[in-house]
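Enquirer: pasted the sequence and its predicted model underneath.
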Amino acid sequence: MTSTQAEVEIGYDISNEFFRLWLDERMHYTSAVYENDKQSLEQAQINKCRILAGFAEATPDSLILDIGCGWGANLEYLVLGHKVKRAHGITLSRQQHDEIMQRKLPGVTTWCVDYKDFVPPEKYDGLVSIEMIDHLVSPAQQQEGLAIPIYREYFNKLAQWVKPGGHFGFQAILRNRVPRTRKDLEDLKFTADVIFPGGLNPRLEELVAAAGQSWEILQLHTRRTDYGRTTAEWLRRMQLHEKTIRAKWGDTVYDNYDRYLSTCVRAFKNHWSGDVQMKLRRID
């Protein structure tokens, strides 16, 4: 099963204002894509959205669904930046859904719902999902050998939501190498258990095996260094607001997120973690 709503809200519902302090101005909480050394986080996040909209082959006349749409940053890009007339989104976080509603984005409709319970009102021209799949498999399920079947169920279900020949812009955090020191293992376990309980990053080979039943992989790009730079910038910005965070949300919140983001920076640097973008086309 996917992470529960309660588990998802542990990771995303501390406070929208807390995340607004250190994410980019539109509140993307996924890896950006840097095209050169001088680009800002804000521009790099737009690059990410542009790439995935291209993978979904979004046009002004398309109806696009964003699965795990967060605070609506990618939906905002689709309708305001990419000029898509209509876009739908689903998230399990109530605070994220509230933020999207407050943005009043033209042509955007969203639901606070588990993807397994979502019933599309119509067929989509294309899909986008950005690092939502990390919430589908628990560590216990992975140990039981259930990861690929669960991911395959996800990909097969989504294939039913698009029109023939529909495309999918997909992005996921990856679980790569295992660190060799106790401290590093403890920090990664802390991130999984405390910040994002109930989830586990997939391995690239698991995704390739699972997607292939319903989707043809047309392009695949890994983004490990991009995510390392993204998390380093999040950490830098959060540390600038240490006094505010400690005063408003407490020492535990600040210390937990400092440890989590510092671990992420090391994880991407040392190849423990990675990130992947894929352009998929439904097999008809």
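Expert: Nice, thanks for sending it over.

Enquirer: CA only for contacts and neighbour counts going forward, please
Expert: Will do.

Enquirer: can you show me the strands along this protein?
Expert: 63-67, 86-91, 108-112, 124-130, 162-175, 215-222, 273-282 (DSSP state E).

Enquirer: now render these as TSV, adding mean neighbour count and mean pLDDT.
Expert: Below are the strands of the chain laid out as TSV (neighbours: other CA atoms under 10 Å; pLDDT from 0 to 100):
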stretch	mean neighbour count	mean pLDDT
strand 63-67	25	98
strand 86-91	23	97
strand 108-112	19	97
strand 124-130	25	98
strand 162-175	23	97
strand 215-222	15	98
strand 273-282	24	98
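
Enquirer: turn those into CSV, including distance to Asn47.
Expert: What follows is the strands of the chain, written out as CSV (distance: least, CA to CA, whole Å):
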stretch, distance to Asn47
strand 63-67, 17
strand 86-91, 19
strand 108-112, 21
strand 124-130, 13
strand 162-175, 13
strand 215-222, 14
strand 273-282, 12
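
Enquirer: check contacts around the closest residue to Arg237 other than its chain neighbours.
Expert: Nearest-residue entry for Arg237: Trp22, 4.9 Å, with adjacent residues in sequence omitted and distances by CA to CA, 6 or more residues apart in numbering. Counting by CA atoms under 8 Å, 6 or more residues apart in numbering, Trp22 makes contact with 234-235, 237-238.

Enquirer: kindly report the same for Asp284.
Expert: 164-165.

Enquirer: same check on Pro202?
Expert: Neighbours of Pro202 in contact, by CA under 8 Å, 6+ apart: 133-134, 147, 172-175.

Enquirer: distance of the residue lying farthest from the centre of the chain from Ser15?
Expert: Distance from the C-alpha centroid of the chain, by CA atoms, centre = their mean, peaks at Ala247 (28.8 Å). Distance, Ala247 to Ser15, using CA to CA, to the nearest Å: 14 Å.

Enquirer: ditto for Asp184
Expert: Where Ser15 is concerned, Asp184 sits at a distance of 28 Å (CA to CA).

Enquirer: need the pLDDT of the residue nearest to the spatial centre of the chain.
Expert: The chain has Glu131 as the residue nearest its centroid, 2.5 Å off, counting by CA atoms, centre = their mean. Per-residue pLDDT puts Glu131 at 97.
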